[in-house]
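Novice: predicted model and sequence follow; I will ask about them next.
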Amino acid sequence: MSGSTEQPKDAARRKAQNYFTQTERRDELVRQELEKERIAGDAKIAKLRALRLAKEAVDKVEADRVAAEKAEAKAAAPKRAARAKRAPKA
């Protein structure tokens, strides 16, 4: 009699184990996919950061060049003599 009660228990245990195994596989696939997305996001952020830093460096070089040109032009410009004021008309 104990043999007949073991079969339904074994079937239920096997069904539960299969369900658990499938769930574990699905969870692992989800974890792997999330890891891939995280790695891709990190790579994208690193690329954008490198591009931003490169652009900032170019902008700084350009700003320094313009500032140097302005300073050079200011130093090279002849100084104007102060104009004499006219006497008021009577």
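Specialist: Looks like it arrived, so ask away.
Novice: okay, CA-based contacts and neighbour counts for the rest of this
Specialist: Noted.
Novice: tell me which residue is most central in this structure.
Specialist: I45 (2.7 Å; Cα atoms, centre = their mean).
Novice: helix, strand or coil for that residue?
Specialist: Secondary structure assignment for I45 (DSSP: H, G, I helix; E, B strand; the rest coil): helix.
Novice: cool, and P88?
Specialist: Here P88 is recorded as coil under three-state DSSP.
Novice: how about the helices in this structure?
Specialist: Assigned by DSSP state H, the chain shows helices spanning 2-76.
Novice: point out where it drops to low pLDDT.
Specialist: In the predicted model of the chain, residues 1-5, 78-84, 90 satisfy pLDDT under 70.
Novice: try it again with 90
Specialist: For the chain, applying pLDDT under 90 flags the ranges 1-9, 72-90.
Novice: so what's E35 up against?
Specialist: With contact set as Cα atoms under 8 Å, 6 or more residues apart in numbering, E35 has no partners.
Novice: count of residues packed around D59?
Specialist: D59 has 12 neighbours, counted by other Cα atoms under 10 Å.
Novice: same check on V66?
Specialist: 12.
Novice: ok, now V61?
Specialist: There are 12 residues near V61, going by other Cα under 10 Å.
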